[in-house]
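In: quick one: sequence plus predicted model below, questions after.
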Amino acid sequence: MSVRQHALLVVASAAVGLGLALAPAASAAGRQQASEVSAQASCNWPYVCFYKGSTKTGQFKDVTSGYQNLQGSRGATKVVNTRNDDAVLLRRSSGGPLCILPNYTIDLRSWGTVTGIRILNTSTC
């Protein structure tokens, strides 16, 4: 197990203990599908963008102390966090918050309906 994989495992274990869900580590392996690359190309720094299929439904950039409600992006199928130093918490309609680390693209279809976003002023959740 590499140092990076071990670090992700430690962070994931701590997050689960706090009731947070972390997105799968498949992206950590550096493998991205063509749709992820396309989504990242249409989402510029310093935004966090939401997509339904290949259509961008919203983008957010403000660090906040609470959640911002999603309007047109509610139920998005993909999120792209282009921020270099800021993690994102996503509120879901059921279950605990989902943590998206900086510079990650996540397929949200298996995570339920996302209803809110909070951009953190830290690189971890």
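Out: Nice, thanks for sending it over. Since the structure is predicted, the reported quantities are computational estimates derived from the model, not experimental observations.
In: C-alpha only now, for contacts and for neighbours.
Out: OK.
In: measure residue 120 to residue 55 for me?
Out: Distance, residue 120 to residue 55, by C-alpha to C-alpha, to the nearest Å: 25 Å.
In: more crowded one of the two?
Out: Neighbours were counted for residue 120 and for residue 55 using other C-alpha atoms under 10 Å; residue 120 has more, 19 against 13.
In: wait, that one sits on residue 67?
Out: No: counting by C-alpha atoms under 8 Å, residue 120 sits too far from residue 67 to count as a contact (10.2 Å).
In: is it true that residue 108 touches residue 73?
Out: No: contact between residue 108 and residue 73 fails when scored by C-alpha under 8 Å: they sit 11.8 Å apart.
In: settle it for me: which of those two has more neighbours?
Out: Legend: neighbour count by other C-alpha under 10 Å for residue 108 and residue 73, higher for residue 73 (22 against 19).
In: contact partners for the more buried one?
Out: Contacts of residue 73 were listed using C-alpha atoms under 8 Å, 6 or more residues apart in numbering, and they are 50, 51, 52, 57, 58.
In: mind checking which of these land in strands?
Out: Mapping these onto strands (DSSP state E) picks out 50, 51, 52, 57, 58.
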